[in-house]
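Undergrad: For reference, the sequence and a predicted model appear below.
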Amino acid sequence: MALSQLDIHRWNRGERTLVTLAGDIGPATTPLLRTALEQCLLDGVTVIDIDLTTVGSCDARGLDVLLSASRRAGRVHACLQLHHPCAQITRLLAATGSASLLLEAPVSHMSPAAPGDLMSTATRAPEDPAHRSGPVLKDGIRLRRLTRRQAEGMREDIADLAAASVAGTPGKAYHDRGDFLRRLAVNAHRPGFALLVAETTVLVGCAFGFPVGPDDPGRRAFDGMLQESVQRLTSHARFAVLTQVVAHPHAQHRDIARRLQQRLLTDLHSFLGVALLHPSDRAGQAAFSSWGWQNMGEVVGLPGPVAPCVLILPIEGPSPARR
């Protein structure tokens, strides 16, 4: 006799959640599943992983609940994906053409991130009066953390800021708008991802990154090698990777960058910031140095065609736990 019970357990990991199911998905249990998935979206979860290892079967009504939740997730720039379905569910997905919608994450083509996706770019125009015609700070600087949905809505504005901030700098590194947008999209789906913007009456800066630690769930091979290298250099087992720091070129660009960096470290509960820069990116290294970063030199042994320069930045003032 088919089970009429479905046990649902949920584990939150920042804005990502793992939902494990045990039992059968059928007429008596689909309302419970629907409620659980709706609550995930109401809580602002951006990635819902559903583990079906201990689910024996799913009927058409249950599949409709999963597809409906997946569509709702897509409308708020989130995603839902199934893992370890049994043979019956696999056949049901194949027969209905739903496999590509539910078994493959919408961002799977971006993962795993290439080492270059972690390399930072300190986007700031050169110290030239001709490039100081940016926004005048009249109302002070306001820092604001964006949700993933807000970041998606502002991605073009952020890309415009990044492009304007490297205008006139030598070389081609990080001048590609498409590359910037791809790097932002890849990082936005990292567990713990955070993005801050600095605003006056216009956008004048942004910074984004994610935390790295020795026991993070789903840690990628590159993250593990980076974590071990940074721990050897600094004795810090946990830190935040700042993938991008953008400050519009004007008189207060250093203050904007410093405030963004320190606030991001606080939000990510990290005592130490880490940035990776291409060894030929001299302008970026100079900008990070002006913002208080220490260049630890090139670190060999990490995957990738070049050995990146590792820069570190300790948090200022009280520890994140006290702020």
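TA: Received, thanks. Residues are numbered from 1 along each chain as shown.
Undergrad: Quick check: longest strand in this structure by residues?
TA: strand 47-58 (DSSP state E).
Undergrad: Name the residues of it that are buried.
TA: For strand 47-58, the neighbour count (16 or more other C-beta atoms under 10 Å) marks V47, I48, D49, I50, D51, L52, V55, S57, C58 as buried. In short, each C-beta sits where N, CA and C put it, glycine included.
Undergrad: Quick one: mean pLDDT for it?
TA: Mean pLDDT, strand 47-58: 90.
Undergrad: Offset the numbering so it begins at 29, please.
TA: All right, first residue 29 from here; so that's strand 75-86.
Undergrad: counting contacts, what elements does it pack onto?
TA: strand 44-53, helix 58-70, helix 88-103, strand 107-111, helix 115-124 (3 or more C-beta pairs under 8 Å, 6 or more residues apart in numbering; DSSP states H and E).
Undergrad: Quick one: closest of the ones you listed to S298.
TA: Proximity to S298 (C-beta to C-beta) singles out strand 44-53 among the helices and strands packed on strand 75-86, at 18.3 Å.
Undergrad: follow-up on the earlier one: quick one, the longest strand of the chain and helix 115-124 angle?
TA: 110 degrees (axes from the mean of the first three to the mean of the last three C-alpha atoms, to 10 degrees).
Undergrad: Okay, now the sheet partners of strand 75-86, with direction.
TA: Here strand 75-86 has these sheet partners by DSSP bridges: strand 44-53 (parallel), strand 107-111 (parallel).
Undergrad: could you dump those strands to CSV with distance to R170 and mean pLDDT?
TA: Converted to CSV, these look like this (distance: least, C-beta to C-beta, whole Å; pLDDT from 0 to 100):
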stretch, distance to R170, mean pLDDT
strand 44-53, 28, 90
strand 107-111, 31, 91
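Undergrad: Any chance of those strands in a markdown table with mean neighbour count and distance to T118 as columns?
TA: Formatted as a markdown table, the strands paired with strand 75-86 follow (neighbours: other C-beta atoms under 10 Å; distance: least, C-beta to C-beta, whole Å):
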| stretch | mean neighbour count | distance to T118 |
| --- | --- | --- |
| strand 44-53 | 20 | 14 |
| strand 107-111 | 21 | 10 |
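Undergrad: could I get those as TSV with distance to V93?
TA: Formatted as TSV, the strands paired with strand 75-86 follow (distance: least, C-beta to C-beta, whole Å):
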stretch	distance to V93
strand 44-53	8
strand 107-111	11
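Undergrad: how much space between the closest residue to V328 other than its chain neighbours and Q272?
TA: Using C-beta to C-beta, 6 or more residues apart in numbering and skipping residues adjacent in sequence, the residue nearest V328 is A335, 4.7 Å away. Counting by C-beta to C-beta, to the nearest Å, the gap from A335 to Q272 is 21 Å.
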